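S.K.: Take this sequence and fold it.
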Amino acid sequence: MVMISDLLYQLAGSAMAERELADELRTDLPTVQQCLARLGALDIVHGPNGAERLWTAVPEDAPFDVVVSKAKAGGVNVRDTLPVFVARA
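M.R.: So this is what the prediction gives:
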């Protein structure tokens, strides 16, 4: 199963569109969108920007270890699967 750490890894150091994230993680778009919205509310990721609905790590282009540390500091269990993370909302 895809974990939050996998999603954060994809966003670390780059910007990605929601659809691109869902395709890369081989999961459904609504789940990815809900995860991104929750992570955005915690100021771990930022978006969506532009017509492509791009998301970036906070700070923009932050390396993976910085993004994971920020998520953990925000109380996110980065080993949660995407559906479990969404269900805890």
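
S.K.: which stretch of helix or strand covers the residue of the chain most remote from its centre?
M.R.: Note on the chain: the largest C-alpha distance from the chain mean falls to residue 51, namely 18.3 Å (CA atoms, centre = their mean). In this assignment (DSSP states H and E), residue 51 forms part of neither any helix nor any strand.

S.K.: where's it relative to residue 17, distance?
M.R.: For residue 51, the distance to residue 17 equals 9 Å [CB to CB, to the nearest Å]. Placement of C-beta: from N, CA and C, glycine included.

S.K.: same question, residue 9
M.R.: In this view, residue 9 and residue 17 are 16 Å apart by CB to CB.

S.K.: returning to that earlier point: so what's the backbone phi/psi at the residue farthest from the centre of the chain?
M.R.: Main-chain torsions, residue 51, degrees, to the nearest 10: phi -60, psi -30.

S.K.: Is residue 36 in contact with residue 18, as I believe?
M.R.: Yes: counting by CB atoms under 8 Å, residue 36 does reach residue 18; the two are 6.7 Å apart.

S.K.: All set, thanks.
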